[in-house]
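A.B. asks: my questions concern the predicted model and sequence given below.
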Amino acid sequence: MIARLLLETREMVNEMDAAVEEVASMTAGLIPVVGAMGSEWDAALAGHNLAERADAKVYTLAV
């Protein structure tokens, strides 16, 4: 599984293995929104099929 770090504008900043410790520490205690079906995700998730987008877990990090 892949984790992507995106800006609020949906511009990708980093991509990493979702199993790394950094991902676990950044998302600890957060509840994801499941699904990235809205048009705001079209560019960021180009190349992903509808099933992958529906299954996507979206975490919002405090900055």
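C.D. replies: The structure has been received and is ready for your questions. All of these numbers come straight from a predicted model, not from anything done at the bench.
A.B. asks: check contacts around the nearest residue to Glu11 once chain neighbours are set aside.
C.D. replies: Leaving aside its sequence neighbours, Glu11 sits nearest to Ala44 (CB to CB, 6 or more residues apart in numbering; 7.6 Å). (Each C-beta comes from the backbone N, C-alpha and C, glycine too.) By CB atoms under 8 Å, 6 or more residues apart in numbering, the contact list for Ala44 reads Arg4, Leu6, Arg10, Glu11, Met12, Ala36.
A.B. asks: so for the helix or strand hosting the first one, what gets flagged as buried?
C.D. replies: Same thing as Arg4. Element membership of Arg4 [criterion: DSSP states H and E] is strand 2-6. Buried positions in strand 2-6, judged by neighbour count with 16 or more other CB atoms under 10 Å: Ala3, Leu6.
A.B. asks: note down every partner strand of that strand and its orientation.
C.D. replies: strand 12-17 (antiparallel) (DSSP bridges).
A.B. asks: for the partner strand, what is the average pLDDT?
C.D. replies: For strand 12-17, mean pLDDT is 95.
A.B. asks: now Ala51, what's its secondary structure?
C.D. replies: Of the three states, Ala51 takes helix under DSSP: H, G, I helix; E, B strand; the rest coil.
A.B. asks: quick revisit: which pLDDT does the model give the residue nearest to Glu11?
C.D. replies: pLDDT recorded at Ala44 is 94.
A.B. asks: how close does it sit to Ala24?
C.D. replies: With distances taken as CB to CB, to the nearest Å, Ala44 is found 22 Å from Ala24.
A.B. asks: next one: Tyr59
C.D. replies: Look at Tyr59 and Ala24: by CB to CB, they are 11 Å apart.
A.B. asks: poorly predicted segments of this structure, please.
C.D. replies: For the chain, no stretch is flagged by pLDDT under 70.
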